[in-house]
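S.K.: Build me a model from this:
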Amino acid sequence: MFHLTRGLGKSQREIEIWALVRRAVLEGDLPKLHDAFVRWNKLAGETPESFHSERDDDGLLVDREEFVRGLLELGADPRGTVRGGSSRLTFRAGERAPVSVLRMLREHGIDFKQSNALHAAARSNSTEVVAYLLDEAGVPINQVWLTEEEPSGSWLDQRGETPLHYASRTYDPVHNIKFLLAKGADRTMRNANALSEMNNRCKYCANLTIEVLVDLAKKEFEGAWFPRKGYYEHHPSFDNLEAAALAGCDLCQLMLDCFKGSVAGPEEDYVWPEAWKDEPPPDAITMYAKAKQLQQSKVKLSINVQNAYVDMPLEEVSLFDIILVHLGPVQKIEESDDGKDWESSASVLSDSFGVFPDLKLLLTACRGQTTQMGRYTIGRTEMDEDLGPDTNHTMARSWFLECEGSHPNCWPNETPAMPTRVVDIGNGHTNSSYDELRLVHTNGMRAKYTALSHCWGGAIEPVLEADTLLPFQDSIPYWSLAANFRDAIAITRNLGIRYIWIDSLCIIQDSRSDWEAESKKMGSIYRDAAVTICAAASKGSKEGILKKRPPIPGPKAVKLKIFSDPKNYAIINVSKRDELSDETLWHLSWSSSFSPLSTRAWTLQEAALSPKALSYGVHGIYWQCPREFYASNGLTSGINLFPIRPTTINSILHSRTRLPSATGIEDRSTLLDDYYAIISSYSSRRLTIASDKLPAISAIAMALSESLTVGDSVATYLAGLWDIDLLFGLLWYSEFGYAPRVPVYRAPSWSWAATDTPVLFPLHSEREEWGSSGWDMEILHHSVTPKSSTYSFGEVEDGRLVVRGLTMRLVHSRQV
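M.R.: As a prediction, the model looks like this:
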């Protein structure tokens, strides 16, 4: 319990105040107690706002930490108000209290990210408190003043201000402003108190809020479609929108700039152009020019979700991040069973989409400032230009720790043994000496480790070789390592993990026998890693993972009110959505234009075998585990976000995790279809060494072999195919209509591995339609001779297949 120490002399007024203090203590009345405290301060000559304990023996001596602890022990609400109920204790704590008091309030559940404490600390020049709120309490440095936190309307003048704006209110602001800028405050953020740009808007934009659009979506919403009726009626024509922009409406100007800077694609291409140019070529046909030609160009707006699948219902939506801008009449094209509606509807499409599809405007908020509207999150989180700052490290660590602490099914029952060799990077702290790096022979030691999935991108120095094996066990020269490896080490240390596995540092590169031995273990290496670090956007090891992204060209962004309540000043940033920079984990996994890693053959099985992956792109970081998906831009999982991992095959590949296993003959055909889907994707990827075609997928085949064996029906691997499904497996075909064999033998001609051409397999529905009895072919004999007598999933010497069935004339082509 706290104590209040009186001075020696005690006047009648002091006695009255002391009685008031005692009543307030007994009643647990925080405002009353603070009021008594203020009266005592006045009596002692202190300012009414004083929150200090430094007093002589002539007045009231209050230990601030003990004072607050006593209030909390009395049951005082830590979110309660002080000073007559006009301001929060959190605000006063930020302004007056020491760090110890703030720590105590956090222990009682206070989230300073939901308060204006940082603003108060910035104004009071308390850099120690500012540092605590930023570094330990996690308050965003560009936190916008929260109007709802202050119960009195007297604080409306501060609406929208950041701590940097608030610091300027100080008598001598230079010190704190410099400190805030050094901490990363954004000096370019406008004081949203003014909101003056919104005052110049046209009547349609002035009445527009996100709440209005969400209410319309509740009446009519289908993912990826513009609504037929549930839209916001904007200007009656595109010409009117242009006139409003010229009159000073910034939101209309944003839309107009999007049209003017987007060069139209082919007439039949009904997608919005990806790139935006501030000054398009003089002879270019822009979306603006096409819009001006429309006979019907009424402007309509609706809210939607970028990662929605077609016809996605509103019940599945948790985040709105896109405003659709539509010109002209709305007609949804319905596809008939034979597809003729699409084929015959070019003119309808042209009229419906106005020769171009809907313009997409992106909704974003500063990190930590996204707004909830009921169950919907409004806007994505703005991405950092640099992936290296502490904010991203903190985010990655929080994802990992949440999975480790809250997802028991994502982890094996006991810590698996580490690979043959790992790199010891020290005690796992980011400030560890880089001189501590060394190669360790694990000898079955069990500990958490990370694994790196990356593109070599050419020769790497240094690597593990026979003559560096002993020196590396003593020390690995950190600064001579490739940039990807240095960054992966920093990421691993940030996660609090001591060991990392990197292929070029843990496999003896000039030893064929060591490579063959370790390649057999690839499945367990990536499966058992605590997390796989994916350098998704790095073309080579020298590029680095924690890079600064290039600036994205685009028209000037504007702000839009979220709520219709005039007293709620929450706002969201609105900008043009840039297709080229709209990075998702789906793009990083499957699109070569976004991710060089997705073009490398070896990395497919690395990704497939990794239950937990932390991917680094150009614009953001992404977490994926069997239970959750997280993205630094705040996007939730969705159809366009990441590759759909086949659930049946997942349970097999991640068998060390406690996921349900696929068993029984009824699962086998589904498992095989999943395998063929993986092979189709794998076949389009590149290999540096052509003979790695089968080894680079061998860990997946090895993991599946036991699961494909059901009862007495044993599955035998045949150079990329399976004897239990050989008739169907032989139906692979080239995506391009031809499949030239590679010049140096690596697989029999009847195997897809004999060509570098992307291949496809028939659909599952075709498998059931045909049935094995309708193929009129019988397998008489098959054999494959692997190069290694102990490993049937790697390279092969030869293969032979004898069948009985119908034949047709063989026509040789120049490809043979």
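S.K.: contacting residues around A131?
M.R.: A131 is in contact with K183, counting by Cβ atoms under 8 Å, 6 or more residues apart in numbering. Bear in mind the C-beta positions are built from the backbone N, C-alpha and C, glycine included.
S.K.: Convert the C-alpha atoms of the helix or strand hosting it to PDB, please.
M.R.: Using DSSP states H and E, A131 sits within helix 127-135. What follows is helix 127-135, C-alpha atoms only, in PDB (Å, rounded to 0.1, in the frame of the first residue of the first chain):
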ATOM      1  CA  THR A 127      13.200  11.200 -24.200                       C
ATOM      2  CA  GLU A 128      13.600   8.400 -21.700                       C
ATOM      3  CA  VAL A 129       9.800   7.800 -21.700                       C
ATOM      4  CA  VAL A 130       9.600   8.300 -25.500                       C
ATOM      5  CA  ALA A 131      12.300   5.600 -25.900                       C
ATOM      6  CA  TYR A 132      10.400   3.200 -23.600                       C
ATOM      7  CA  LEU A 133       7.100   3.700 -25.400                       C
ATOM      8  CA  LEU A 134       8.700   3.100 -28.800                       C
ATOM      9  CA  ASP A 135      11.200   0.300 -28.000                       C
END
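S.K.: Report the buried residues of it.
M.R.: Buried residues in helix 127-135, counted by 16 or more other Cβ atoms under 10 Å: 127, 129-130, 132-134.
S.K.: Stretch 400-416 now?
M.R.: Neighbour-count burial for stretch 400-416 [16+ other Cβ under 10 Å]: 400, 403-404, 410-411, 416.
S.K.: which outside residues touch it?
M.R.: Against stretch 400-416 from outside (Cβ under 8 Å, 6+ apart): 446-448, 495, 524, 528, 530-531, 611-612, 614, 623, 625-628, 656-659.
S.K.: just the buried members of the residues you listed?
M.R.: Among the contacts of stretch 400-416, those classed as buried by neighbour count (16+ other Cβ under 10 Å) are 447-448, 495, 524, 528, 530-531, 611-612, 614, 623, 625-626, 656-657, 659.
S.K.: Now that K113 has come up, it's in contact with G138, right?
M.R.: Yes. Applying Cβ atoms under 8 Å, one finds K113 in contact with G138, separated by 6.0 Å.
S.K.: one step back: just to be sure, which of the buried ones among the contacts of stretch 400-416 are found in helices?
M.R.: S524 (DSSP state H).
S.K.: now stretch 219-239: how far from the chain's centre is it?
M.R.: On the basis of Cα atoms, centre = their mean, to the nearest Å, stretch 219-239 sits 29 Å off its chain's mean C-alpha point.
S.K.: State the mean pLDDT of that stretch.
M.R.: Average pLDDT, stretch 219-239: 92.
S.K.: ok, so of the buried residues of stretch 400-416, who is nearest Y745?
M.R.: Using Cβ to Cβ, P416 comes nearest to Y745 of the buried residues of stretch 400-416, at 37.0 Å.
S.K.: From P611, how far out is that closest one?
M.R.: P416 sits 11 Å away from P611, going by Cβ to Cβ, to the nearest Å.
S.K.: Contact partners for Y231?
M.R.: By Cβ under 8 Å, 6+ apart, the residues touching Y231 are 216, 300-302, 326, 330.
S.K.: try 6 Å
M.R.: Shown in contact with Y231 (Cβ atoms under 6 Å, 6 or more residues apart in numbering): 300, 302.
S.K.: distance of it from L726?
M.R.: With distances taken as Cβ to Cβ, Y231 is found 55 Å from L726.
S.K.: repeat for A677
M.R.: Distance from A677 to L726, by Cβ to Cβ: 18 Å.
S.K.: Same check on L780?
M.R.: For L780, the distance to L726 - Cβ to Cβ - is 11 Å.
S.K.: And for T394?
M.R.: To L726, T394 is 52 Å away according to Cβ to Cβ.
S.K.: Look at the two and report which has more neighbours.
M.R.: When neighbours are counted by other Cβ atoms under 10 Å, L726 comes out ahead of the other of T394 and L726, with 17 against 13.
S.K.: Quick check: closest non-adjacent residue to that one.
M.R.: I779 (5.7 Å; Cβ to Cβ, 6 or more residues apart in numbering).
S.K.: Doesn't that neighbour lie inside a strand?
M.R.: Yes. Counting by DSSP: H, G, I helix; E, B strand; the rest coil, I779 is found in a strand.
S.K.: Give me the pLDDT for it.
M.R.: At I779, the model reports a pLDDT of 90.
S.K.: same check, this time on the one 3 residues further on
M.R.: According to the model's per-residue confidence, H782 sits at a pLDDT of 94.
S.K.: Near it, how many residues? Count them for me, please.
M.R.: 18.
S.K.: wait, it sits on L801?
M.R.: Yes. Using Cβ atoms under 6 Å, H782 is in contact with L801, at 5.0 Å.
S.K.: Just give me the residue right at the centre of this protein.
M.R.: Centroid-nearest residue in the chain, with Cα atoms, centre = their mean: A631, separated by 1.4 Å.
S.K.: For it, give me the backbone phi and psi.
M.R.: phi -140, psi 150 (degrees, to the nearest 10).
S.K.: Spit out the contact partners of it.
M.R.: Residues in contact with A631 (Cβ under 6 Å, 6+ apart) are Y622.
S.K.: With D186 as the reference, measure out to it.
M.R.: Going from A631 to D186 by Cβ to Cβ gives 22 Å.
S.K.: so what's the residue lying closest to N304 once chain neighbours are set aside up against?
M.R.: Excluding the flanking residues, the one nearest N304 by Cβ to Cβ, 6+ apart is I322, at 4.7 Å. For I322, the contacting residues are 304, 306, 360, by Cβ under 6 Å, 6+ apart.
S.K.: Am I right that E220 is in contact with G230?
M.R.: Yes. Using Cβ under 6 Å, E220 is in contact with G230, at 3.0 Å.
S.K.: For these two, indicate the residue with more neighbours.
M.R.: Remark: of E220 and G230, G230 carries more neighbours, 17 against 14, as counted by other Cβ under 10 Å.
S.K.: Could you check how far the more buried one is from D311?
M.R.: Distance from G230 to D311, counting by Cβ to Cβ: 15 Å.
S.K.: The longest strand along the chain pairs with which strands?
M.R.: In the chain, assigned by DSSP state E, the strand with the most residues is strand 791-805. Here strand 791-805 is paired, per DSSP bridges, with strand 777-788 (antiparallel).
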